[in-house]
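>>> Can you look at this prediction? I've put the sequence above it.
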Amino acid sequence: MHAARKGWPLEGVEVDVHFTKGETAAAIDRVVTLQGALDAAQRARLADIAEPTPVTLTLKQGAPISTRLA
């Protein structure tokens, strides 16, 4: 949405997420692939925008997860 509003040549976005759990901690590795002829400043800005998303912030805070059957 940001790239479209700015008229940037973003053609697509691909996100790969991998979860690993070690002996003492778990980690999420996220790789964002931006497609299109973006310059370094545009790529950096889009990376900044991806960081404070609601899902990212929730995971970093360690929100509880409840499960129920319906």
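Perfect, thanks for sending it.
>>> Now do the buried residues in the helix of greatest length in the chain.
When the chain is parsed with DSSP state H, its longest helix is helix 40-50. Neighbour counts over helix 40-50 (16 or more other CB atoms under 10 Å) mark 42, 45-46 as buried. In short, each C-beta sits where N, CA and C put it, glycine included.
>>> same deal with stretch 24-42?
Buried residues in stretch 24-42, counted by 16+ other CB under 10 Å: 34, 38, 42.
>>> if I pick the first one, what's in contact with it?
Under the criterion of CB atoms under 8 Å, 6 or more residues apart in numbering, the contact list for Leu34 reads 10, 12-13, 43, 46.
>>> could you measure Ile28 against Gly36, distance?
Using CB to CB, to the nearest Å, we find Ile28 at a distance of 25 Å from Gly36.
>>> if we look at the sheet, which residues does Lys21 bridge to?
Under the criterion DSSP bridges, Lys21 forms beta bridges with Ala26.
>>> so who does the residue nearest to the spatial centre of the chain touch?
Most central in the chain under CA atoms, centre = their mean is Ala50, positioned 4.8 Å from the mean C-alpha point. Shown in contact with Ala50 (CB under 8 Å, 6+ apart): 32, 56.
>>> now it: how far from Thr67?
Applying CB to CB, one obtains 28 Å for the distance of Ala50 from Thr67.
>>> With Val55 instead?
From Val55 to Thr67 the distance is 18 Å (CB to CB).
>>> Can you pick out the residue with more neighbours from the two?
Taking other CB atoms under 10 Å, Val55 and Thr67 do not tie; Val55 has more neighbours (7 against 4).
>>> phi, psi of Leu69?
In terms of degrees, to the nearest 10, the main-chain angles of Leu69 are phi -100, psi 140.
>>> per-residue pLDDT, it?
Looking at Leu69, its pLDDT stands at 85.
>>> got it, and Arg43?
Note on Arg43: pLDDT of 96.
>>> if I look at it, how far off is Pro52?
For Arg43 relative to Pro52 (CB to CB), the value is 17 Å.
>>> ok, now Gly36?
With distances taken as CB to CB, Gly36 is found 22 Å from Pro52.
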